[in-house]
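S.K.: got a sequence here, can you build the structure:
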Amino acid sequence: MPSIRETILAALHARLSALPASALRDDVLPERVPDAGLLILRDGEPEEPEVTLSPLAYHYQHRAEIEAVVQGPDRDVLFDTLTASISTALAADRTLGGLCDWVEAEAPQPVDLPVQGAASLKAAVIQVVLHYSTADPLS
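M.R.: Predicted structure coming up:
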């Protein structure tokens, strides 16, 4: 049986997989970026939890990362469309079907990355904070 953390990350990946861009999880950047863009979900790390004792509960603010990458002559528009679609997908259900207390993304800081012999990439790491509680730090 998967842990609460894994279940939440799988639900987030499923939400991203429904977008037009290709969505990978903890994978390397492929040689080619699909026309609609590429998203790579990185599991990230849970921060030190707040603990309540009665009943015992660990309250996490887990910071996952979404690497968003686009390529092509219209990369500014593509990047804006891609990040807007992520925002819409997260806003549609801030609890990921009741798995989290709240999901929120932070603003991206895009960079242009030159590629020798090809169109430049536009990319950013988008921090996603997953707020959830569990009865055991290993579950």
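S.K.: middle-most residue in this protein, spatially?
M.R.: I66 (3.6 Å; C-alpha atoms, centre = their mean).
S.K.: how about the nearest residue to it once chain neighbours are set aside, secondary structure?
M.R.: Residue nearest to I66 in three dimensions, not counting chain neighbours: I126, with 4.4 Å by C-beta to C-beta, 6 or more residues apart in numbering. All C-beta atoms are positioned from the backbone trio N, CA, C, and that covers glycine. State at I126, reduced to three classes by DSSP: H, G, I helix; E, B strand; the rest coil: strand.
S.K.: how near is I126 to L16?
M.R.: 11 Å (C-beta to C-beta, to the nearest Å).
S.K.: can I assume A10 is in contact with P2?
M.R.: Yes. Counting by C-beta atoms under 8 Å, P2 is a contact partner of A10 at 7.1 Å.
S.K.: the two: which has the busier surroundings?
M.R.: More crowded of A10 and P2, by other C-beta atoms under 10 Å: A10, with 15 against 10.
S.K.: shared neighbours of I126 and L16, anything?
M.R.: Applying C-beta atoms under 8 Å, 6 or more residues apart in numbering, one finds that I126 and L16 are jointly contacted by 66, 86.
S.K.: what are the phi and psi values for C100?
M.R.: Main-chain dihedrals, C100, degrees, to the nearest 10: phi -120, psi 160.
S.K.: next up, the contacts around the residue nearest to the centre of the chain.
M.R.: By C-beta under 8 Å, 6+ apart, the contact set of I66 is 16, 39-42, 86, 105, 125-126, 128.
S.K.: try 10 Å this time
M.R.: Applying C-beta atoms under 10 Å, 6 or more residues apart in numbering, we find I66 in contact with 12-13, 16, 23, 39-42, 44, 82-83, 86, 90, 105, 108, 124-128.
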